[in-house]
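Q: Have a look at this fold, sequence not included:
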């Protein structure tokens with residue numbers, strides 16, 4: 001079943017109307033017609049089965065048949081603090097981490113980062129779009145947010161049950177064994 005992300009405010013009532021690019025995508029690209037069913041996702045864990053009532057290039061009207069909590073989302077919230085890599089590698093990192101179940105991604109600047117966070121507004125919009133597409137691809141109902149970049153020395157880790165940092169010279173403890181030892185942690189920063 002095709003999946004579409006909508007703003008939470010679009011779910012008020014029994015009908016939803018898709019407009020703009022989403023309507024064109026449903027009608028022209030996917031060639032969906034009245035009677036076809038889709039999944040609508042609010043980006044916060046709720047998915048709705050909906051049936052197309054009317055469709056055109058400008059607007060697609062859908063009737064909500066059923067709402068439910070998505071079971072595909074992880075029950076542990078993992079926030080990745082990712083130092084900014086060179087070139088276009090951040091998009092791949094975001095895509096793969098969302099597919100693996102990361103809850104949020106915080107672009108981070110450390111003292112050895114070459115890339116600086118100034119003027120990243122367009123990149124942030126793009127990164128959140130990559131996150132949404134990856135969530136769509138792997139069947140998640142929550143879209144992990146990519147936040148504004150922050151400096152590592154200004155990061156606040158007080159709201160996390162566990163904070164983990166990778167160390168390249170670690171020779172005894174693997175990531176797998178470290179994660180297995182986190183019984184009961186629900187909010188983890190890596």
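A: Everything's here; your move. Please read all numbers here as calculations on a predicted model, not as lab measurements.
Q: the longest helix in this protein is where?
A: helix 121-138 (DSSP state H).
Q: how about the strands in this protein?
A: In the chain, the strands defined using DSSP state E lie at 3-5, 15-19, 37-41, 46-55, 59-69, 77-83, 104-109, 145-146, 150-151, 162-163, 187-189.
Q: Buried residues in the third one, which are they?
A: In terms of neighbour count (16 or more other C-beta atoms under 10 Å), strand 37-41 has its buried residues at 38-41. Bear in mind the C-beta positions are built from the backbone N, C-alpha and C, glycine included.
Q: wait, which of those is closest to residue 53?
A: Closest approach between those and residue 53, by C-beta to C-beta: residue 38, at 11.7 Å.
Q: Correct me if wrong: the closest one contacts residue 2.
A: Yes. With contact defined as C-beta atoms under 8 Å, residue 38 counts as touching residue 2 (4.8 Å).
Q: what is in contact with the two at once?
A: By C-beta atoms under 8 Å, 6 or more residues apart in numbering, residue 38 and residue 2 have these common neighbours: 26, 32.
Q: Low-confidence stretches in this structure?
A: The model of the chain has pLDDT under 70 over residues 8-12, 43, 72.
Q: how close does the nearest residue to residue 62 once chain neighbours are set aside sit to residue 4?
A: The shortest distance from residue 62 to any non-neighbouring residue, by C-beta to C-beta, 6 or more residues apart in numbering, is to residue 50 (3.9 Å). Here the criterion is C-beta to C-beta, to the nearest Å. By it, residue 50 lies 9 Å from residue 4.
Q: which residues are in contact with both of those two?
A: With C-beta under 8 Å, 6+ apart, residue 50 and residue 4 have common neighbours 38-40.
Q: one step back: with residue 139 as the reference, name the closest of the strands of the chain.
A: It's strand 3-5; of those, that one is closest to residue 139 (C-beta to C-beta) at 7.4 Å.
Q: partners of the closest one, with directions?
A: strand 37-41 (parallel) (DSSP bridges).
Q: Which one of residue 50 and residue 4 is surrounded by more residues?
A: Taking other C-beta atoms under 10 Å, residue 50 and residue 4 do not tie; residue 50 has more neighbours (27 against 19).
Q: The more buried one contacts residue 38, correct?
A: Yes. Between residue 50 and residue 38 there is a contact under C-beta under 8 Å: 5.6 Å.
Q: what's near enough to touch residue 80?
A: 97, 102, 104-106, 190.
Q: switch to 7 Å and redo it
A: With contacts defined as C-beta atoms under 7 Å, 6 or more residues apart in numbering, residue 80 is in contact with 97, 102, 105-106, 190.
Q: now residue 40
A: 4, 6, 16, 47-48, 50, 62.
Q: which one of those residues is nearest residue 89?
A: residue 4 (28.7 Å).
Q: Identify the bridge partners of the nearest residue to the closest one once chain neighbours are set aside.
A: Counting by C-beta to C-beta, 6+ apart, residue 4 lies nearest to residue 40, which is 5.5 Å off, once chain neighbours are set aside. Legend: beta-bridge partners of residue 40 under DSSP bridges are residue 4, residue 48.
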